[in-house]
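In: Predicted model and sequence follow; I will ask about them next.
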2 protein chains.
Amino acid sequence: MTMTTHRPFSQVLDRLRSAGLRPTRQRLALAKLLFDGCDRHITAEQLHGEALTGNIRVSLATIYNSLHQFTDAGLLREIVVDAGRSYFDTNMSEHHHYFFESTGRLEDIPPGLVTLGPLPAPPEGTTIRGVDVIVRLAG
Amino acid sequence: MTMTTHRPFSQVLDRLRSAGLRPTRQRLALAKLLFDGCDRHITAEQLHGEALTGNIRVSLATIYNSLHQFTDAGLLREIVVDAGRSYFDTNMSEHHHYFFESTGRLEDIPPGLVTLGPLPAPPEGTTIRGVDVIVRLAG
DNA sequence: GTGATTGCAAATCTTTTGCACTAAA
DNA sequence: TTTAGTGCAAAAGATTTGCAATCAC
């Protein structure tokens, strides 16, 4: 009867199922943290912290496994901004990022602010997997 | 009397001087490897290898120090493509990159193939340090 | 001389791996 | 049952740091 603003449980479950991922307790819990509501830019360490805070016992290895499985399944996008740290973005629509160098924060650039011309034909024998546009900010 | 195709020694020296970097033996040697002729995309490890091959004894710590000092001085541009590896690009003109995921190779995109619209005004209190555009290729 | 720079080795940090254990189907 | 998934602890990399020795000026 209650209609929450959160994504219903079954939707998360279906999402995993249709990605071919067995909906284990850990994956369900992580998927709920990740896909529950607003878009997020999160590191493995941060997600681990949130899981522990939420009394979900998950090892860091499983966090990494899950993040990569979600990424391979097209549920997440991995964004690399500095050597030695990956962010995972739950917003799968085409968009670009601000990176605040002073704080290490990653943020979506509002749609339309940055426009990219048509992509070139990829070099012989390759396909374009994606395009990352990162606007680095100081101050 | 001989006119080589290589950047003359004094130019490398001046380049360090005007960047405010004391031209030590190591920095001169590294600068010659980096700025001698064509544009390069190189990792710290690769540069270290080249230095040792060329009988230049430099520690990896100094390689990292120098690469960052050169970057801060505007002689190099750091490009991050995957978590845990930085490339340093000697081409400081505005350009974008192909990243070949299968080989880990980074390559300039020929000028004009990718066009970026005008940059947005940076968020309040920040300045744009640079924009990275990376086209990720598979195959 | 004096302060900047270097080398070395150890430390740090993120991410991956191997393998026994557990749980989903 | 059977196979995929998980946890743990150790390993693997890349990068950084602390400090004594060395070098440019």
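Out: On my side now, so go ahead. Numbering: from 1, shown residues only, chains lettered A, B, ... in the order given.

In: Point out the residues in chain A that sit beside DNA strand D.
Out: Among all residues of chain A, those adjacent to DNA strand D (criterion: C-beta under 7 Å from any atom of the strand) are A:21-22, A:24-27, A:57-59, A:61-62, A:65-66, A:83-84. Just so you know, the C-beta spots here come from the backbone N, C-alpha and C atoms, and that holds for glycine as well.

In: Type out the PyMOL command that picks the buried ones from these.
Out: Restricted to buried positions by 16 or more other C-beta atoms under 10 Å in any protein chain shown, the PyMOL selection for the residues of chain A next to DNA strand D reads:
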select buried, chain A and resi 21+26+27+58+62+66+83
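
In: So which residue is dead centre in chain A?
Out: Central residue of chain A (C-alpha atoms, centre = their mean): residue A:89, 2.6 Å from the mean position.

In: Kindly state the beta-bridge partners for that residue.
Out: residue A:41, residue A:77 (DSSP bridges).

In: That one: what's it in contact with?
Out: Residue A:89 sits next to A:39-41, A:76-79, A:97, A:106 when contact means C-beta atoms under 8 Å, 6 or more residues apart in numbering or on different chains.

In: how far away is it from residue A:101?
Out: Noted for residue A:89: a distance of 18 Å to residue A:101, by C-beta to C-beta, to the nearest Å.

In: ditto for residue A:71
Out: From residue A:71 to residue A:101 the distance is 24 Å (C-beta to C-beta).

In: Ok, residue A:13 next?
Out: Residue A:13 is 39 Å from residue A:101, by C-beta to C-beta.

In: cool, residue A:82 as well?
Out: Residue A:82 sits 8 Å away from residue A:101, taking C-beta to C-beta as the criterion.

In: Mutual contacts of these two, please.
Out: Residues touching both residue A:82 and residue A:101 by C-beta under 8 Å, 6+ apart: none at all.

In: Can you dump the C-alpha atoms of the helix-or-strand element of chain A with minimal mean pLDDT in CSV for me?
Out: Across the helices and strands of chain A, mean pLDDT, DSSP states H and E gives its lowest value to helix A:9-18, namely a mean of 86. In CSV, the C-alpha atoms belonging to helix A:9-18 read as follows (Å, rounded to 0.1, in the frame of the first residue of the first chain):
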residue,chain,number,x,y,z
PHE,A,9,12.7,-4.3,-4.2
SER,A,10,11.4,-6.4,-7.0
GLN,A,11,12.8,-3.9,-9.6
VAL,A,12,16.3,-4.3,-8.2
LEU,A,13,15.8,-8.0,-8.2
ASP,A,14,14.7,-8.0,-11.8
ARG,A,15,17.5,-5.8,-12.8
LEU,A,16,20.0,-8.3,-11.5
ARG,A,17,18.2,-11.2,-13.0
SER,A,18,18.0,-9.7,-16.4
